[in-house]
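*Asks:* no FASTA, just this:
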């Protein structure tokens, strides 16, 4: 069966520090991968998606970047965090041609 | 582009009462519709989905949703809620063809009290 792992679960970082959140999927190949951010009262905002290794699409301009160095690995990064980067970050995957997305357990990032 | 509106940010109900969580969508093409549930500090779990066929879809824990194309709605209902149903519920939509980018509503927090 397929599983998705996302870590860390919680993270407190100072303003201006770098960020790296990692997500890996097991039990499937060539998944579509997604990074969402959830802010209070604003639902889920799609940040990035990827349909293959090295292929990243950005949905909104921001202080973050994403990379997909391996087929089942998706990384969310920032060189210098802002207070506004605080939130709950969710990684998800879907089968190409499939219907729904499957989510990881999320990372709560607090920038102080 | 598609969009989703969940008008109710919070719905308080008593245990064993019926509940309806509203979802309206906007799209110019055929869509797939989903309801996800999120418990505190956890990821989202798929509750039910509409792809095609019967407009009434059901989940294993008693929730149901009905796709209404003329009203562009996909409301979630449960005839009798439990304390354990307390969670945040998200409606989502994506185009039925092409790349499957899910667009979510802002969520509805269901608060079930005894």
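*Replies:* Alright, I've got the coordinates. Note that the structure is predicted; figures quoted are calculated from it, not measured.
*Asks:* Flag the shaky bits of the chain, pLDDT-wise.
*Replies:* Since you didn't name a chain, this refers to chain A. Filtered on pLDDT under 70, chain A yields the residue ranges A:41.
*Asks:* my question was about chain B
*Replies:* Counting by pLDDT under 70, the low-confidence segments of chain B come to B:100.
*Asks:* near chain A, which residues of it?
*Replies:* Counting by CB under 8 Å from any CB of the partner chain, the positions of chain B adjacent to chain A are B:6, B:9, B:32, B:34, B:36, B:41-46, B:49, B:51, B:90, B:94, B:99-107. To be clear about C-beta, it is placed using only N, CA and C from the backbone, and glycine gets the same treatment.
*Asks:* Return the members of these classed as buried.
*Replies:* B:6, B:32, B:34, B:36, B:42-44, B:46, B:49, B:90, B:94, B:100-107 (16 or more other CB atoms under 10 Å in any protein chain shown).
*Asks:* tell me the phi and psi of the most centrally placed residue in chain B?
*Replies:* Nearest residue to the geometric centre of chain B (CA atoms, centre = their mean): residue B:35, 3.4 Å. When quoted as degrees, to the nearest 10, the phi and psi of residue B:35 stand at phi -120, psi 130.
*Asks:* List the beta-bridge partners for it.
*Replies:* residue B:48, residue B:91 (DSSP bridges).
*Asks:* Let me see the contact set for the residue most central in space within chain A.
*Replies:* Among the residues of chain A, the one closest to the centroid is residue A:35, at 3.1 Å (CA atoms, centre = their mean). Residue A:35 makes contacts with A:23, A:46-49, A:66, A:74, A:76, A:89-92, as judged by CB atoms under 8 Å, 6 or more residues apart in numbering or on different chains.
*Asks:* Alright, I will stop here.
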